[in-house]
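[1] sequence first, predicted coordinates after that:
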Amino acid sequence: MAIATVSSKGQVVIPKEIREALHIKQKQRVLLKLANDHLEIIPLPENPVEAFCGIFEKGSSLVDALLKARKEELEREEKEIARFLQPSRLSKKRR
């Protein structure tokens, strides 16, 4: 944890130990996110396209990832529908 001061221009210097821990380099962009009553600073990758492509498994494509996600979503939906179509436990006890 560290304390920083806001300058008259609204600038804040991120302390060296935090920059090193997060691998933030000079001129690197960061995302500033307002989270309720505090500010989150999130380092952005130097090349967002390469970082985005890196989220897929080796040899996988965006289409493959989307198809896999849709299949998983469909399975969840089918389970939810089946759960609602089953007779309730309460009605079984009354019989």
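    Happy to help now that I have it.
[2] those helices in the protein, which residues are they?
    16-21, 48-53, 62-85, 89-94 (DSSP state H).
[3] any idea which of these gets closest to Gly10?
    Nearest to Gly10, of all the helices of the chain, is helix 16-21, at 18.8 Å by CB to CB. The C-beta positions use only the backbone N, C-alpha and C, and glycine is treated the same way.
[4] pLDDT value on Leu74, please?
    On pLDDT, Leu74 comes in at 92.
[5] distance of it relative to Leu66?
    12 Å (CB to CB, to the nearest Å).
[6] for the closest residue to Leu39 other than its chain neighbours, list each beta-bridge partner.
    Excluding the flanking residues, the one nearest Leu39 by CB to CB, 6 or more residues apart in numbering is Leu32, at 6.2 Å. Taking DSSP bridges as the rule, Leu32 bridges to Ile41.
[7] how about Leu32, what does it touch?
    For Leu32, the contacting residues are Leu39, Glu40, Ile41, Ile42, by CB atoms under 8 Å, 6 or more residues apart in numbering.
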